[in-house]
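Asker: build me a structure from this.
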Amino acid sequence: MALAALGTAAQEMPPEERRGPQALTADEKSDPEDPEETELGVMEDQRSVILHLISQLKLGMDLTKVVLPTFILERRSLLEMYADFMAHPDLLLAVTAGATPQERVICFVEYYLTAFHEGRKGALAKKPYNPIIGETFHCSWEVPKDRVKPRRTAPHAPAGHEHPLADEPSKNYKLRFVAEQVSHHPPISCFYCECKEKRLCVNTHVWTKSKFMGMSVGVSMIGEGNEENRVLRLLEHGEEYVFTLPSAYARSILTIPWVELGGKVSISCAKTGYSAAVIFHTKPFYGGKVHSGIAGDVLAEHAPKMKHNPTNTIVCKAHGEWNGTLEFTYNNGETKVIDTTALPVYPKKIRPLEKQGPMESRNLWREVTRCLRLGDIDAATEQKRRLEEKQRVEERKRENLRAPWQPKYFIQEGDGWVYFNPLWKAH
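Answerer: Got it, this is the predicted structure:
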């Protein structure tokens, strides 16, 4: 049973027995995606629960340790949500296909700005499960090689279609992903993905901080220590792209909650001197533009300016919506429009539940997910309580023994966390 393994599974696993992402893909199958969350808004009985909770909170209060009602949960872990940001792997792999440093930084910014919308399951703001310490999530994507081209030359696929997968593995690139919850207080999630064939990898960790803001909740996705802990590496070119992440806001929590992104983020490559500054504008309190016809889809203006720092030359500008249409204007006068809702989505490949370990996200939360799918909120709350109580008991045991938690796949190096066998150390 999943609960029995919470305390010691990771600590008893010697390093030589760790299985990296490449070793965990043999039994993976295309994922039958869970349907999007039902978008009904907040029911009257649920509103009274939220009002009671709000009455006990103060503006700016840290919500990390506050137990939130189960009915606001969506049916996936935060670790899986990070994987869903990779739903356009062809765009990520196309970054390393860029012929010049300028083309590669533009490709990465284009990928970055199109990644967020697929991480949201529908317009309704719901909260993923808080990962249990030691929880992991594994998946991969198969990407036909003929689809990996720089976006300025790549043909558009039919709108609304998933990408077809090549019949022969030799015709595909494989992008592998592993995520792990390495700390409970503070809540720190790590993830690593790699494509050996393209010699590309991403290593990052995210420390989530949430606070109460009245009729909304703000979540900051920060890097512990310095921000250089989020890096895309293109080993073929010897380039490292350091990036930051926007904050997320759940608005109108008493009616029909919706999500918007906000804040300033940056992307930079020290070797080439290229950088980008991106601003996600939030909706003003009065007025402002909301996505027409879709509750919760808010216009998030992007105003990135990609420039070459040594010459102070702006090479590209962009504006639009992170969950809608983006327009890019290049320094040669050309423009390109990307409709994020029309981009083809590659399905994750994931092992069936019966072949997953007890600490893998879907197996660990399977009973909570089953109860939520049936609409049995009381049963889901009880299953969630059991998981979290077991985590607290095991944490107290470790404190008494003065035995810190030892993650399975990630190693702490200075202020950051690094995958135990990253691609850049293997080459």
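Asker: could you report the neighbour count for I338?
Answerer: I338: 20 surrounding residues under other Cβ atoms under 10 Å. For every residue, glycine as well, the C-beta is placed using N, CA and C.
Asker: I'd assumed L245 was in a helix, is it?
Answerer: No - assessed by DSSP: H, G, I helix; E, B strand; the rest coil, L245 does not belong to a helix; its assignment is coil.
Asker: separation between it and R398?
Answerer: Using Cβ to Cβ, to the nearest Å, one gets 30 Å for the distance from L245 to R398.
Asker: and these two? Which one has more around it.
Answerer: Set L245 next to R398 and count neighbours by other Cβ under 10 Å: L245 wins out with 19 against 16.
Asker: shouldn't the more buried one be in contact with T208?
Answerer: No - using Cβ atoms under 8 Å, L245 is not in contact with T208, being 10.1 Å away.
Asker: helices and strands of this protein: which one has the lowest mean pLDDT?
Answerer: Sorted by mean pLDDT, DSSP states H and E, the helices and strands of the chain end with helix 44-55, the least confident at a mean of 59.
Asker: next helix or strand past that helix?
Answerer: Going down the chain from helix 44-55, the next helix or strand is strand 73-77, by DSSP states H and E.
Asker: for that following strand, packing partners?
Answerer: The elements that strand 73-77 packs onto, with contact taken as 3 or more Cβ pairs under 8 Å, 6 or more residues apart in numbering; DSSP states H and E, are strand 127-129, helix 361-364, helix 366-374.
Asker: deepest-packed of those, please.
Answerer: Between the helices and strands packed on strand 73-77, helix 361-364 has the highest mean count of neighbours, a mean of 24, where neighbours are mean count of other Cβ atoms under 10 Å.
Asker: can I get that helix as CSV, trimmed to CA atoms?
Answerer: Provided in CSV are the C-alpha atoms of helix 361-364 (Å, rounded to 0.1, in the frame of the first residue of the first chain):
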residue,chain,number,x,y,z
SER,A,361,2.1,10.5,-8.0
ARG,A,362,-0.8,8.8,-9.7
ASN,A,363,-0.4,5.6,-7.6
LEU,A,364,0.1,7.6,-4.3
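Asker: the strands in the stretch 151-300 of the chain, which residues?
Answerer: Secondary structure of the stretch 151-300 of the chain by DSSP state E, counting those that start in this stretch: the strands cover 172-183, 188-195, 200-212, 217-222, 231-234, 239-243, 247-251, 258-269, 274-280.
Asker: same check on the stretch 301-427 of the chain?
Answerer: Taking DSSP E, counting those that start in this stretch to define them, one finds strands in the stretch 301-427 of the chain at 305-308, 313-320, 325-330, 335-339, 349-350, 410-413, 416-419.
Asker: same list (the strands of the stretch 151-300 of the chain) but as TSV, adding mean pLDDT and mean neighbour count.
Answerer: Putting the strands of the stretch 151-300 of the chain into TSV (pLDDT from 0 to 100; neighbours: other Cβ atoms under 10 Å) gives the following:
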stretch	mean pLDDT	mean neighbour count
strand 172-183	96	24
strand 188-195	95	25
strand 200-212	84	21
strand 217-222	64	18
strand 231-234	96	21
strand 239-243	94	21
strand 247-251	71	21
strand 258-269	80	20
strand 274-280	87	21
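Asker: for E413, find the nearest of those.
Answerer: strand 200-212 (10.4 Å; Cβ to Cβ).
Asker: and the closest one, what does it pack onto?
Answerer: Packing partners of strand 200-212 (3+ Cβ pairs under 8 Å, 6+ apart): helix 89-95, strand 188-195, strand 217-222, strand 231-234, strand 416-419, helix 423-426.
Asker: change it to 7 Å
Answerer: On a contact count with 3 or more Cβ pairs under 7 Å, 6 or more residues apart in numbering; DSSP states H and E, strand 200-212 meets strand 188-195, strand 217-222, strand 231-234, strand 416-419.
Asker: so for H117, which of those sits nearest?
Answerer: strand 217-222 (15.9 Å).
Asker: go through this structure and flag its longest helix.
Answerer: helix 377-401 (DSSP state H).
Asker: that one: which residues count as buried?
Answerer: Neighbour counts over helix 377-401 (16 or more other Cβ atoms under 10 Å) mark 379-381, 383-384, 387, 390-391, 394-395, 398 as buried.
Asker: and if you look at stretch 127-145?
Answerer: For stretch 127-145, burial by neighbour count (16+ other Cβ under 10 Å) applies to 127-144.
Asker: quick one: average pLDDT of that stretch?
Answerer: Stretch 127-145 shows a mean pLDDT of 93.
Asker: please measure how far the first residue of that stretch sits from its last one.
Answerer: Start to finish, the residues bounding stretch 127-145 are 35 Å apart (Cα to Cα, to the nearest Å).
Asker: any low-confidence regions in this structure?
Answerer: For the chain, applying pLDDT under 70 flags the ranges 1-26, 32-58, 60, 62-69, 119-125, 150-169, 211-229, 250-258, 283-305, 427.
Asker: what's the closest of the strands of the stretch 151-300 of the chain to K408?
Answerer: Of all those, strand 172-183 sits nearest to K408, with 6.3 Å by Cβ to Cβ.
Asker: just checking: what are the partner strands of the closest one?
Answerer: Strand 172-183 sits in its sheet next to strand 136-144 (antiparallel), strand 188-195 (antiparallel), going by DSSP bridges.
Asker: and those strands as TSV, adding distance to T100?
Answerer: Converted to TSV, these look like this (distance: least, Cβ to Cβ, whole Å):
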stretch	distance to T100
strand 136-144	22
strand 188-195	21
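Asker: out of those strands, flag the one nearest S275.
Answerer: Closest to S275 of the strands paired with strand 172-183 is strand 188-195 (Cβ to Cβ; 22.9 Å).
Asker: relative to strand 73-77, how tilted is the closest one?
Answerer: Our comparison of strand 188-195 with strand 73-77, counting by axes from the mean of the first three to the mean of the last three Cα atoms, to 10 degrees, yields an angle of 50 degrees.
Asker: residues contacting strand 188-195, please?
Answerer: The contact list for strand 188-195, computed with Cβ atoms under 7 Å, 6 or more residues apart in numbering, reads 21, 78-79, 82, 86, 93, 131, 173-182, 200-207, 224, 410, 417, 419, 422-423.
Asker: ok, the residue lying closest to V182 once chain neighbours are set aside - how many residues close by?
Answerer: Taking Cβ to Cβ, 6 or more residues apart in numbering, and ignoring the residues beside it in sequence, V182 has P407 as its nearest neighbour in space, at 4.3 Å. P407: 21 surrounding residues under other Cβ under 10 Å.
Asker: fine, thanks again, bye for now.
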